[in-house]
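[1] Sequence and predicted structure below; questions after.
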Amino acid sequence: MMNFEDEFTESASVKKPEPPAQYVKLDDSKLVKRDLDTFPDFLKEKALDKYKLISFIEQANSGGWTQKKLDPILDKLFEGNVDKRPNWRTVVRWRKSYIDSNGDLASLVVKRHKMGNRNKRVEGDEVFFERALSRFLDAKRPKVTTAYQYYKDSITIENETIVDGKIPIISYTAFNQRIKSLPPYPIAVARHGKFKADQWFAYCSSHIPPTRILERVEIDHTPLDLILLDDELLLPLGRPYLTLIVDVFSNCVLGFHLSYKAPSYVSAAKAIVHAIKPKTLGNVGIELQNDWPCYGKFETLVVDNGAEFWSKSLDHACKEAGINIQYNPVRKPWLKPFVERFFGMINQYFLTEIPGKTFSNILEKEDYKPEKDAIMRFSVFVEEFHRWIVDIYHQDSDSRDTRIPIKQWQHGFDIYPPLKMGVEDEERFNVLMGITDERTLTRNGFKFEELMYDSTALADYRKHYPQTKGSIKKLIKIDPDDLSNIQVYLEELEGYLKVPCTDTTGYANGLSLHEHKVTKKINREIIRESKDNLGLAKARMAIHARVQQEQETFNESKTKATLSGVKKKAQLADISSTGKSTIVLPKSEPQKLISCNQVEAEMEDDDWDMDLEGY
């Protein structure tokens, strides 16, 4: 019977799988010995001449490789060219090297390329070189000349106190050569930081290419290098933000969103909705030569680490729609190269000829002033951007003439067409991509951004389904471009109910969330400016004066005040849990009573009858 130890010692050990070739480190890599092609041409030619000589002697020689056999052959071969005739022992050595290397021609290359002095010619300056090197390896990135000057000055000062055996100073060329011979990665880390050093020296793997359309889709934002004009006022609006979605398999544009608001979940959601829905170009405003057949629900959405992409609304919406979100590491835009490259194409091929173009680099601007040269209105740009995508970019080949985006899309579409959304699916998807929020259900419906939402259907829901403290808070979805209604999720009915705004003036129809917030802000400013601050101050001072007068009257009288009279004083003195706790005023100089007919009339109407029962 096998004992416990034998059972494990005799069992076959599990072999550790080898890592993929692209991840094997240099120390663990197996190098193939160099061949003849790796040497300079003059060394290569000499090695081939040796090989030809050895081959000729091998055929002509009928005996051993001795002096008696080789000298006659060499004399005949090099007759008239004695200076180039090798010694017979040299030829034997060549042949032996060739045979020992199993016929490797590189063994016939002379080792002269390894000649040279590999020892430092100057010694004794190591400490000063290390000090200069530490100053060179600094984040401020000083020049080599600065470090060399410090090195030379340090040794010069040190040699001042040395009588015999002064420290030698190497030249600037030798100093620079020493620095260049150091490993480049530690130098890059010290001078540029680890992030930059990893960018320059780390292994860059390539993407696994997708095999079908909509398998991998990239999204990103960028401010366009163009200043546009307002459609009505013709005033420069500045640079708009473009949110773009690109299909990696075909390089086709799936959708975009253009806005002057900073990148947010709203811009990302609008671009996703535009990408997934079929495109109807009838409302573009111009006639296009081609269609835009790119649409469909994508499998993986590649995003960066912007705050708008980490929102719960986007995460929940994509999960509900069956879209996987892939987050790229921080500060690594090259991991989604297709959309980044497309932004460069827009600036290079589309915006170049449009007046009002700006420059990403301020130094490229020179005397050009784009805000004065801007001529294109916002709506015209949107129309022409559609034309450039549909009729130019999709129809033209790439720079290497390897594909035409729209042809590649059609090829993938024919093999694996995307599912087309029905009317109900589109409506549900619009709800999913709305802004998610939570509001309390009240007897008057819901309140969102000072707007009230209620309906008969919602009132019927309140009648039939009792609410608890936890269930009274409802999940709502808001379309940021239209506040005329909201979608409310009702747990009991397992669905969203559309609830309209109760405003009867039509203010909320087609109203965007941004417009509403701006309107509220302007309205608050108007109210503040319309207030009569002086009149309010006089009225408040009149109240304080009356309270003080009543206090003095009460102190002078020997009678007890009625309960109702004391209550009125408490109201005037503003006794509350967050205010005063007594009607006694602090001692101060008597305040002059402000003449106010209304206040005097109220004082004359006060009932000061004694109410002993109140006590």
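    Ah, there it is.
[2] And the residue of the chain positioned farthest from its centre, how close does it get to V82?
    When each C-alpha in the chain is compared with the mean C-alpha position (CA atoms, centre = their mean), K68 comes out farthest, at 80.3 Å. Separation of K68 from V82 (CB to CB, to the nearest Å) stands at 20 Å. The way it works is simple: take the backbone N, C-alpha and C, and place the C-beta from them, glycine included.
[3] Please state the backbone phi and psi of the residue farthest from the centre of the chain?
    In this entry, K68 is assigned phi and psi values of phi -60, psi -30 (degrees, to the nearest 10).
[4] Per-residue pLDDT of F4, please?
    What the model reports as pLDDT for F4 is 53.
[5] Look at W409 and say how many residues are nearby.
    One way to gauge burial is a neighbour count; for W409, by other CB atoms under 10 Å, it gives 22.
[6] What is the helix or strand harbouring I522 packed up against?
    Taking DSSP states H and E as the criterion, the element that holds I522 is helix 513-530. Applying 3 or more CB pairs under 8 Å, 6 or more residues apart in numbering; DSSP states H and E, one finds that helix 513-530 makes contact with no other helix or strand.
[7] what's the spacing between it and its chain's center?
    33 Å (CA atoms, centre = their mean, to the nearest Å).
[8] Tell me which residues of that helix come out buried.
    Of the residues in helix 513-530, those buried by neighbour count under the rule 16 or more other CB atoms under 10 Å are 513, 516.
[9] Other residues contacting it?
    Outside of helix 513-530, the residues within contact range by CB atoms under 8 Å, 6 or more residues apart in numbering are 261, 266, 435, 449-451, 478, 480-481, 483, 508.
[10] check which helix or strand covers A271.
    Here A271, judged by DSSP H and E, is contained in helix 265-276.
[11] Now do that helix: which elements does it pack against?
    Taking 3+ CB pairs under 8 Å, 6+ apart as contact, the helices and strands that helix 265-276 lies on are strand 216-223, strand 241-247, strand 253-259, helix 312-321, helix 423-432, strand 435-440.
[12] quick one: average confidence on it?
    Over the span of helix 265-276, the pLDDT mean works out to 87.
[13] That one to strand 253-259, inter-axis angle?
    Relative orientation of helix 265-276 with respect to strand 253-259: 150 degrees, computed using axes from the mean of the first three to the mean of the last three CA atoms, to 10 degrees.
[14] and the next element down the chain from helix 265-276?
    Read in the C-terminal direction, the helix or strand following helix 265-276 is strand 300-303, with elements assigned using DSSP H and E.
[15] okay, that following strand in CSV with CA atoms only?
    Output of strand 300-303 as CSV, limited to C-alpha atoms (Å, rounded to 0.1, in the frame of the first residue of the first chain):
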residue,chain,number,x,y,z
THR,A,300,-18.8,47.2,-25.7
LEU,A,301,-18.5,51.0,-25.1
VAL,A,302,-14.9,52.1,-24.5
VAL,A,303,-14.7,55.3,-22.4
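[16] Run through who's touching it.
    215-220, 272, 309, 318, 323-328, 335-336.
[17] Run through the stretch 101-250 of the chain and note the low-pLDDT ranges.
    Counting by pLDDT under 70, the stretch 101-250 of the chain contains low-confidence residues at 112-122, 199, 202-207.
[18] what are the ranges of the helices in it?
    Using DSSP state H, counting those that start in this stretch, the helices of the stretch 101-250 of the chain run over 126-136, 144-159, 172-180, 184-192, 194-201.
[19] Mind jotting down where the strands sit in the stretch 451-600 of the chain?
    With DSSP state E, counting those that start in this stretch as the definition, the stretch 451-600 of the chain shows strands at residue ranges 451-453, 473-479, 482-490, 495-500.
[20] between these, which one is nearest to N102?
    Proximity of those to N102 was assessed by CB to CB; the nearest stretch is strand 473-479, lying at 76.0 Å.
[21] Give me the sheet partners of the closest one and which way each runs.
    Based on DSSP bridges, the strands next to strand 473-479 in the sheet, each with its direction, are strand 435-440 (antiparallel), strand 482-490 (antiparallel).
[22] Check which element follows the first one along the chain.
    Stepping forward along the backbone from strand 435-440, the first helix or strand reached (DSSP H and E) is strand 446-448.
[23] Check which helices and strands that following strand sits against.
    Packed next to strand 446-448, using 3+ CB pairs under 8 Å, 6+ apart, are strand 435-440, strand 451-453, strand 473-479, strand 482-490.
[24] And those strands: which comes nearest K531?
    Going by CB to CB, the one of those nearest K531 is strand 451-453, 24.2 Å.
[25] hang on, the earlier thing: any chance of JSON lines for the strands of the stretch 451-600 of the chain, columns mean pLDDT?
    As requested, these are arranged in JSON lines below (pLDDT from 0 to 100):
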{"stretch": "strand 451-453", "mean pLDDT": "93"}
{"stretch": "strand 473-479", "mean pLDDT": "90"}
{"stretch": "strand 482-490", "mean pLDDT": "91"}
{"stretch": "strand 495-500", "mean pLDDT": "91"}
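[26] got those as TSV, with mean neighbour count and distance to G238 columns?
    Formatted as TSV, the strands of the stretch 451-600 of the chain follow (neighbours: other CB atoms under 10 Å; distance: least, CB to CB, whole Å):
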stretch	mean neighbour count	distance to G238
strand 451-453	19	29
strand 473-479	19	26
strand 482-490	19	25
strand 495-500	17	35
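[27] Out of those, which gets nearest to K33?
    So among the strands of the stretch 451-600 of the chain, strand 473-479 is nearest, using CB to CB, at 67.8 Å.
[28] can you state the direction angle for that closest one and helix 513-530?
    Taking the same axes, to 10 degrees, strand 473-479 and helix 513-530 form an angle of 100 degrees between their directions.
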